[in-house]
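1. Just need the structure, nothing else, for what follows:
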Amino acid sequence: MEQEACLGSKTYDEINIGDSASLTRTLTKKDIQLFAIVTGDMNPAHLDEAYAKTDIFQQIVGHGMWTGSMFSSLLGMQLPGLGTIYLSQTLKFLRPVRLGDTITASVRVTAKDDQKKHITLETLCANEAGEHVLEGIAIVLPPKERICWNATSLPEVHIKTDGHDYQQWLLNKAVGFKPLKTAVVHPLDILSLAGAVQAAQAGIIDPILVGDEARIRKIAEDAHIDVSKYTIFPTPHSHAAAAASVAMVRNGEVEALMKGKIHTDELMEAVVDREKGLRTGRRMSHVFMLDVPSYPKPLFLTDASININPNLMEKKDIVQNAVNLFQSLGLGIPKVAILAAVETVNENMQATLDATALCKMSERGQITGAILDGPLAFDNAISHEAAAIKGITSPVAGDADILVVPDIESGNMLYKELRYFSGVQGVGIVLGAKVPIILTSRASDAENRVVSAALALLYARTGLQ
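-> Predicted structure coming up:
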């Protein structure tokens, strides 16, 4: 929505010596976190309370340039305003700015250069006690003509709850394990090739690059990716790459598969082949491990990628696969929510009937190592408040670790809604085959592929196969 007031500016001729403007802000923890994210300045003096107590100021302080950035806001938005070009800025830091300090930044015109049309301003920041924390001089070039602009609202930024960084947690947990010998299937784009190489450099996988050798080397050369240390198994096309990679598993040459630039259906066609594939006695399924900013713990989601419309016995395996992955990470006994559109049994809604049956199967030992409840609507599964309003008493409701969706459509939409609307990060693998399959979207970045590989490594080395 557009703001009603029009943001404006002053030209050189409209500015007089002595003109001034000011801005007041209180430093919050979110300000510090956002500034660290944008700048990459992760100095623990700003972010780690324990470290900060040992530092010169004995407590967390804001980045000096956070305070200095207030001048940029003043000059660019108020005086001279829109269209201003920053030419120079001196800064003298006088005192630290601590959490909760209220800072007033001000600028005052002290000189005009009629030849160059430059404006010199005194810049000053003071805390609520009137103490100067920052002083300096700015020189700017005002706009030649007045500018009026109706600014639109900036997007809202969500910061993860304190302690969230489950992707780094996985990477840390994978340290010390023997790398997973992995066939990387058709890595014929920068993202998949870089992801495989970065996972190898991190000691997570020992890759065999399966695909068109000339194209792999050309992509590596163009992207400055060093593949000289890795084996390349040449194949003419993606279908052959999938078949060759599966054969490597069957021959005991590799311990995992990693999807490259190949469609999931094409890779899985080779994996599920009844004669030459990697079938076991259990249904294969995909599990996402999600880092949800507003949820207090990692959240697992299954199956959003493999099984289109699973029946009851297939859902039994889907649940068990997810439970085994959860336990392989040392997270204890998971609370599993079997999702449906409603929280009551309805004979016309198969998802509610399946949920009821799965819970009974868990009671009888057909699903082990978890606490199940369902049917549960999504809100009841993840919100104590929603469950309480509907009178649901359950150890799972409002505290789910694993969400089991009815079918691939609901799971796929749920994941993508979380990903694109809420900034949820997720890594995932396929379980139930002879080896774990590192299965990410073809659009996934290299980091996502590396962390998914770490998930597969932990499952392969410690999991319940």
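
2. now the strands: where do they sit in the stretch 301-450 of the chain?
-> Counting by DSSP state E, counting those that start in this stretch, the stretch 301-450 of the chain has these strands, from start to end: 335-339, 371-376, 402-404, 425-431, 437-438.

3. Would you point to the one among those strands that's packed deepest?
-> With neighbours taken as mean count of other Cβ atoms under 10 Å, those reach their highest mean count in strand 437-438, at a mean of 31. (C-beta placed from N, C-alpha, C; glycine too.)

4. Neighbouring strands of it in the sheet, and parallel or not?
-> Paired neighbours of strand 437-438 in the sheet (DSSP bridges): strand 256-259 (parallel), strand 425-431 (antiparallel).

5. re earlier: turn the strands of the stretch 301-450 of the chain into TSV, columns for distance to residue 132 and mean pLDDT.
-> Supplementary listing: the strands of the stretch 301-450 of the chain in TSV, determined by distance: least, Cβ to Cβ, whole Å; pLDDT from 0 to 100:
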stretch	distance to residue 132	mean pLDDT
strand 335-339	55	98
strand 371-376	58	96
strand 402-404	54	98
strand 425-431	42	92
strand 437-438	55	96
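
6. of these, which approaches residue 62 most closely?
-> strand 425-431 (26.8 Å; Cβ to Cβ).

7. Identify all contacting residues around the closest one.
-> 166-167, 170, 268, 271, 284-291, 301, 305-306, 321-322, 324-325, 415, 418-419, 436-440, 448, 451-452, 454-456, 459 (Cβ atoms under 8 Å, 6 or more residues apart in numbering).

8. ChimeraX command for the buried members of these?
-> Remark: buried members of those, expressed as a ChimeraX selection using 16 or more other Cβ atoms under 10 Å:
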select :166,167,170,268,271,284,285,286,287,288,289,290,291,301,305,306,321,322,324,325,415,418,436,437,438,439,440,448,451,452,454,455,456,459
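
9. Please flag which of the contacts of strand 425-431 sit within helices.
-> Those of those mapping onto helices are 166-167, 170, 268, 271, 321-322, 324-325, 415, 418-419, 448, 451-452, 454-456, 459, per DSSP state H.

10. looking at the chain, which helix or strand is least sure?
-> helix 49-52 (a mean of 83; mean pLDDT, DSSP states H and E).

11. buried ones in that one?
-> Buried, per 16+ other Cβ under 10 Å, within helix 49-52: residue 52.

12. what residue ranges in the stretch 351-465 of the chain score low on pLDDT?
-> Applying pLDDT under 70 to the stretch 351-465 of the chain flags residues 442-443, 463-465.

13. change it to 50
-> 465 (pLDDT under 50).

14. Quick one: distance of the least confident helix or strand of the chain to the chain centre.
-> Here helix 49-52 is found 26 Å from its chain centre; the criterion is Cα atoms, centre = their mean, to the nearest Å.

15. I'd like the strands paired with strand 437-438 laid out as JSON lines, including distance to residue 76.
-> Formatted as JSON lines, the strands paired with strand 437-438 follow (distance: least, Cβ to Cβ, whole Å):
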{"stretch": "strand 256-259", "distance to residue 76": "45"}
{"stretch": "strand 425-431", "distance to residue 76": "32"}
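
16. Report the contact partners of residue 199.
-> 182, 205, 207, 258, 449, 450, 453, 454.

17. Assign it to helix, strand or coil.
-> With DSSP: H, G, I helix; E, B strand; the rest coil as the basis, residue 199 sits in helix.

18. What of residue 70?
-> Going by three-state DSSP: residue 70 is helix.

19. wait, isn't it in contact with residue 126?
-> No: at 11.2 Å, residue 70 and residue 126 do not qualify as touching, with contact defined as Cβ atoms under 8 Å.

20. if we can go back for a sec, with respect to residue 121, which of the strands paired with strand 437-438 lies nearest?
-> strand 425-431 (42.4 Å).

21. mind exporting stretch 231-248 as PDB, just the C-alpha atoms?
-> Taking Å, rounded to 0.1, in the frame of the first residue of the first chain, the C-alpha atoms of stretch 231-248 are listed here in PDB:
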ATOM      1  CA  THR A 231      36.400 -39.600 -10.700                       C
ATOM      2  CA  ILE A 232      34.200 -38.900 -13.700                       C
ATOM      3  CA  PHE A 233      32.200 -41.900 -15.000                       C
ATOM      4  CA  PRO A 234      31.200 -41.000 -18.600                       C
ATOM      5  CA  THR A 235      27.600 -41.600 -19.800                       C
ATOM      6  CA  PRO A 236      25.900 -40.200 -23.000                       C
ATOM      7  CA  HIS A 237      22.800 -38.800 -21.400                       C
ATOM      8  CA  SER A 238      20.700 -38.500 -18.200                       C
ATOM      9  CA  HIS A 239      18.900 -41.800 -18.500                       C
ATOM     10  CA  ALA A 240      22.200 -43.700 -18.800                       C
ATOM     11  CA  ALA A 241      23.600 -41.700 -15.900                       C
ATOM     12  CA  ALA A 242      20.700 -42.800 -13.700                       C
ATOM     13  CA  ALA A 243      21.100 -46.500 -14.700                       C
ATOM     14  CA  ALA A 244      24.900 -46.400 -14.200                       C
ATOM     15  CA  SER A 245      24.600 -44.800 -10.800                       C
ATOM     16  CA  VAL A 246      22.000 -47.400  -9.600                       C
ATOM     17  CA  ALA A 247      24.300 -50.200 -10.900                       C
ATOM     18  CA  MET A 248      27.200 -48.700  -8.800                       C
END
